[in-house]
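*Asks:* need a 3D model of the following:
(one chain, ligands or ions: 1)
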Amino acid sequence: MPADMAPAPRHRSTRPLVITIDGPAGAGKSTAAKLLAKQLGLMYLDTGATYRALAYAALRRRIDLADRRRLARLGRALPIRLKPLESGAVRVLLNGEEVTRPIRTERVTEAAAILAQYPSVRQAMVRLQRRLAAASLAAGGTPSPARDVPARSQAGVVAEGRDTGSVVFPHARYKFFLTASTSIRATRRQEELRGVEGRAPSVARIARKLRQRDRLDRTRRTGPLIKPAGCIVLDTSHLGIEDVVERLRRYLPHGPNSDCVGPENSIC
Ligand code: DC
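*Replies:* Predicted coordinates for the structure are as follows:
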């Protein structure tokens with residue numbers, strides 16, 4: 001493991017609240033993470049957006065996606081900003097340019113899946129993700145126009161991705177792992193693609209690609225998609241977004257029912 005991928009140091013006294021939500025594409029992580037962050041007044045950290053923004057920048061510069069060294073160099077200097085919106089969503093800015101939608105296209109999705117395999121790229125992205133979170137936490141609940149960080153009731157982060165509970169924030173207070181059936185994940189992805197590109201491949205074709213990406217995510221040596229130790233697993237296949245968030249909140253202090261462990265959930 002490269003030195004930079006070593007677990008982040010534990011916060012000593014007033015540890016900020018860090019909640020991680022990992023899982024495969026289409027499991028409902030980002031919608032849940034956004035809403036949870038909004039409800040709790042925390043920063044929403046979309047770690048996938050960092051890989052996507054890097055892929056977008058690389059495609060723009062026509063960098064060969066096999067050129068790990070150049071990609072990692074670009075990743076180390078990626079001029080990305082995540083600008084929180086009132087809705088809980090986040091605007092992604094690259095060098096000041098709005099790239100929120102363009103980073104969701106099929107082309108960028110495929111490029112991001114390739115470069116997310118490279119340890120040197122992951123190392124740069126993990127550093128970047130911790131830096132984005134630290135900047136937000138440093139701003140605390142105080143509005144900071146310079147960083148576009150809105151006032152928050154509590155210092156903390158809801159981080160979402162594949163390795164946020166295992167690598168990026170291994171000492172997170174709450175770790176969730178969301179899953180859903182492949183066909184449901186493909187249907188969700190189809191809707192997302194229709195929204196971004198105006199059209200989308202069939203569910204069967206998307207499902208095939210999702211399975212390929214799952215395999216890449218699960219089998220890579222650095223930062224693979226795993227259920228981190230101590231996580232709570234939730235299958236979202238038949239749950240609406242409000243239900244997902246309500247169930248996640250059961251595990252948090254001051255949630256609707258902090259002692260409850262639903263029958264369909266398991267602590268892994
Ligand atoms: O969650 P997403 O679809 O926006 O992620 C985009 C890509 O980045 C996807 O190929 C998985 C990868 N990724 C990753 O490897 N680690 C993360 N923590 C987040 C995303």
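*Asks:* which pLDDT value goes with Gly195?
*Replies:* According to the prediction, Gly195 has pLDDT 89.
*Asks:* hmm, who's touching the helix or strand containing it?
*Replies:* Using DSSP states H and E, Gly195 falls within helix 182-197. Outside helix 182-197, the residues that touch it by CB atoms under 8 Å, 6 or more residues apart in numbering are 24-28, 101, 104-106, 180, 199-204, 206-207, 210-211, 237. For every residue, glycine as well, the C-beta is placed using N, CA and C.
*Asks:* one more time with 10 Å, if that's ok
*Replies:* Here helix 182-197 makes contact (CB atoms under 10 Å, 6 or more residues apart in numbering) with 23-28, 30-31, 100-109, 179-181, 199-211, 214, 235-238.
*Asks:* and the helix or strand just after it, what other elements does it pack with?
*Replies:* With elements assigned by DSSP H and E, the helix or strand that comes after helix 182-197 is helix 203-219. Contacting helix 203-219 under the criterion 3 or more CB pairs under 10 Å, 6 or more residues apart in numbering; DSSP states H and E are the following elements: helix 106-115, helix 182-197.
*Asks:* show me which positions of helix 203-219 end up buried.
*Replies:* Residues of helix 203-219 classed as buried by neighbour count (16 or more other CB atoms under 10 Å): Val203, Ile206, Ala207, Lys209, Leu210, Arg213, Asp214, Asp217.
*Asks:* need the next SSE after that helix, C-terminal direction.
*Replies:* Counting by DSSP H and E, what follows helix 203-219 is strand 232-235.
*Asks:* for the stretch 51-200 of the chain, give the residue positioned nearest to the ligand.
*Replies:* Gly161 (2.6 Å; CB to the nearest ligand atom).
*Asks:* excluding chain neighbours, what is closest to that residue?
*Replies:* Thr47 (3.4 Å; CB to CB, 6 or more residues apart in numbering).
*Asks:* looks to me like Ala55 is in a strand.
*Replies:* No. The assignment for Ala55 is helix, going by DSSP: H, G, I helix; E, B strand; the rest coil, so no strand is present there.
*Asks:* spell out which parts of the stretch 51-200 of the chain neighbour the ligand.
*Replies:* Tyr51, Arg52, Ala112, Ala113, Ala116, Gly161, Arg162, Asp163, Thr164 (CB under 6 Å from any ligand atom).
*Asks:* again, only using 5 Å
*Replies:* Tyr51, Ala112, Ala113, Ala116, Gly161, Arg162, Asp163 (CB under 5 Å from any ligand atom).
*Asks:* Arg173 reaches Ile19, doesn't it?
*Replies:* Yes. Assessed by CB atoms under 10 Å, Arg173 is found in contact with Ile19 at 6.8 Å.
*Asks:* have a look at those two and say which one is more surrounded.
*Replies:* Neighbours were counted for Arg173 and for Ile19 using other CB atoms under 10 Å; Ile19 has more, 26 against 14.
*Asks:* so what pLDDT did the residue nearest to Gly161 get?
*Replies:* At Thr47, the model reports a pLDDT of 97.
*Asks:* wait, it touches Asp22, no?
*Replies:* Yes. Counting by CB under 10 Å, Thr47 touches Asp22, with 9.3 Å between them.
*Asks:* doesn't Ala159 belong to a helix?
*Replies:* No. Using three-state DSSP, the assignment for Ala159 is strand, not a helix.
*Asks:* which residues does it bridge with?
*Replies:* Thr20, Leu45 (DSSP bridges).
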